Every structure is written in structure tokens, then in C-alpha cells.
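Q: Task: produce atomic coordinates for the following.
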Amino acid sequence: MSINMKARKNRTKIQMVLTLLVVLSVIRQFFFGNYHNMFLGILTLILFMVPQFLDKKLSVTIPVGLETVILIFIFSAEILGEINAFYVKIPIWDTILHTTNGFLMAAIGFALIDLFNRSEKFSIKMSPYFVAFFAFCFSMTVGVLWEFFEFSMDQFFGLDMQKDWIVTAINSVKLNPTGANVPIHVDVQSVVINGEQWNLGGYLDIGLIDTMKDLIVNFIGAVVFSIIGILYLKNRGRGKLAASLIPQVRNEDKIEAEDK
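A: Modelled structure (predicted):
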């Protein structure tokens, strides 16, 4: 059995296990009468098929390592994060997923530009640094668009996708009685809302800190993958870590010969 066949077999096993867990979750939500969570479960099953769809349509081999990360990311975001409320139960869950998202989006951006870079149809060949820079920019753009989406959902549908943070101190020039451009520091122990005192240890920041935190960790994930991408392009064909994470242009004729 070729290495390519073994990789496909391992991918199938991983997807089967995660798919089974999602199906069980959907059935469980059905008996609970929670149809919203049932929809999330069905959406997860659809998202599970995206890597294989891209594999066939773009003739790009998504390595088992990268596809495993993608599948676990989807499962962690939808089934664990949304349905099982890990976003609330585990404070750093959202941070972990946004970091992973930055990594994955950089991988997708890398694959897209590398497709053009290696295609015979294009005469322009880009340096590894430019390819990595494009992957980084692609990842950050997707991260920003996602924050736009979260903000819109919160504003128009009354959700709380941009989670609130408790701010214990304020530094603001607005509090300077002289009107000078010098911030005044004020510690906040409690706030009064509609005549009711809330002893939260501070005031609720509506989304700003969460948004900036998400973009920062997205940045970290994008940088990490971009570095891996540079090393991979400069030493193409060497390095097990990079080979397990970098999508590759597939030569169909070569694969058929290997499988035979």
C-alpha cells in the first residue's frame, strides 16, 4: 500500500470517529427538543465534507495532519463550544480556537497562492517570503471579517458573540477636569445601571477587549504557520512537520501510478 493510500485511510478513520460523535450529539439534542443545536450538528456534518470537496475540486492534497486539525477545530467550535457550552465553561476555549483559526486560514491562503506559484500557466514565480506574507494577510483578513460578522450578529440579532469583559480600571482623558490631553486613572469597583448597583468588580466592556484578543491570537496563529511555510518552500520535500501541514498540488497521473 502506498503512502498516499495510507494517508487516505487514516483520514477516513478520524472523520468516521468524529462523525459518529456528531451524529450521537444530534440524536441527543433531538430528544432534548433543542432544534437549534440539532441544526448546528447538521451544519458540522456538512463542514466535515469541505476538506474532501476542496481535495477533489482543486486537485490539492490536504495532508492528514492538517485535515485532522481542521476536523478537530470544527468539532471543537460547534459541538464542544456551542452545543456543550465550552465557551462559557472554559474561559480560554475561545482563545484556543481563534489561535487555531489563524493557523488554518494561513494554511488555506498559503495553498491558494502556492497553487498559482507552481502552476505552469503563470510565468511569475513568487519568493517563499511573499507566499508566506500572502498567507499571513489572508488569515488576518478572514479574522477581521469574522469579527465583523460577530459584531453584526450582536447588533442586529441581540446575540453575545463578542463576549463581555469586566474592566477594573479606566484610563481616559475624558475624566480629566482640566480638559488636558492627559489620561486620568480611575479604579472601578461597582457600577449603577438603571438605579441598581452591580458589584461586578468593574464595568462590562461590550466586545472591544474580546475582539482585540481574538485578532491578536489570530495574528499569532498566522505568524506560526507563515514561518512553517517559509521553511517548507525553502526546503521543499524535507521536514515531516511541514509535510504534514502544507497542502500540496496533486499530480493525478503520478498518484494513479503509485496506487497501481
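
Q: Centre of the chain to stretch 102-109, how far?
A: 8 Å (Cα atoms, centre = their mean, to the nearest Å).

Q: So which residues make contact with that stretch?
A: Here stretch 102-109 makes contact (Cβ atoms under 8 Å, 6 or more residues apart in numbering) with 66, 69-70, 73, 134-140, 142-143, 217-222, 224-226, 229, 245-247. Where C-beta positions appear, they are placed from N, C-alpha and C, glycine not excepted.

Q: What ranges does the protein have for its strands?
A: When assigned using DSSP state E, the strands of the chain occupy the ranges 60-61, 165-167, 169-172, 184-187, 191-193, 196-198, 203-205, 248-249.

Q: Need the contact partners of the fifth one.
A: Counting contacts by Cβ under 8 Å, 6+ apart, the residues outside strand 191-193 that touch it are 197, 198, 200, 202, 203.

Q: again with stretch 88-100
A: Counting by Cβ under 8 Å, 6+ apart, 69, 73, 76-77, 80-81, 86-87, 143, 163, 210, 213-214, 217-218, 220-221 sit against stretch 88-100.

Q: Show me which of the residues you listed are buried.
A: Among the contacts of stretch 88-100, those that count as buried by neighbour count (16 or more other Cβ atoms under 10 Å) are 69, 73, 76-77, 80-81, 86-87, 143, 163, 210, 214, 217-218, 221.

Q: one step back: whichever of the contacts of stretch 102-109 end up buried, select them in ChimeraX.
A: The following ChimeraX selection, which keeps only the buried ones among the contacts of stretch 102-109, applies the criterion 16+ other Cβ under 10 Å:
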select :66,69,70,73,134,135,136,138,139,140,142,143,217,218,219,221,222,225,226,229,245,246,247
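
Q: In helices only, show me the contacts of stretch 102-109.
A: Judged by DSSP state H, helices contain the following of the contacts of stretch 102-109: 66, 69-70, 73, 134-140, 142-143, 217-222, 224-226, 229.

Q: Point to the residue nearest the middle of the chain.
A: Compute the mean C-alpha point of the chain, and by Cα atoms, centre = their mean the closest residue is residue 101, 1.7 Å away.

Q: From what I see, that one and residue 144 are in contact.
A: No: the pair residue 101 / residue 144 is not scored as a contact, 11.9 Å apart, by Cβ atoms under 8 Å.

Q: Could you give the bridge partners of residue 192?
A: According to DSSP bridges, the residues that bridge with residue 192 are residue 197.

Q: CA atoms only for stretch 47-60 - export them in PDB, please.
A: Once non-C-alpha atoms are left out, stretch 47-60 reads as follows in PDB (Å, rounded to 0.1, in the frame of the first residue of the first chain):
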ATOM      1  CA  LEU A  47     -18.400  21.300   7.200                       C
ATOM      2  CA  PHE A  48     -16.700  17.900   7.700                       C
ATOM      3  CA  MET A  49     -17.100  17.400   3.900                       C
ATOM      4  CA  VAL A  50     -15.400  20.600   2.900                       C
ATOM      5  CA  PRO A  51     -11.800  19.300   3.000                       C
ATOM      6  CA  GLN A  52     -12.600  16.400   0.700                       C
ATOM      7  CA  PHE A  53     -14.600  18.700  -1.500                       C
ATOM      8  CA  LEU A  54     -11.600  21.000  -1.900                       C
ATOM      9  CA  ASP A  55      -9.400  18.000  -2.400                       C
ATOM     10  CA  LYS A  56     -11.400  16.900  -5.400                       C
ATOM     11  CA  LYS A  57     -12.300  20.200  -6.900                       C
ATOM     12  CA  LEU A  58      -8.900  21.900  -6.600                       C
ATOM     13  CA  SER A  59      -6.700  18.800  -7.000                       C
ATOM     14  CA  VAL A  60      -5.000  19.700  -3.800                       C
END
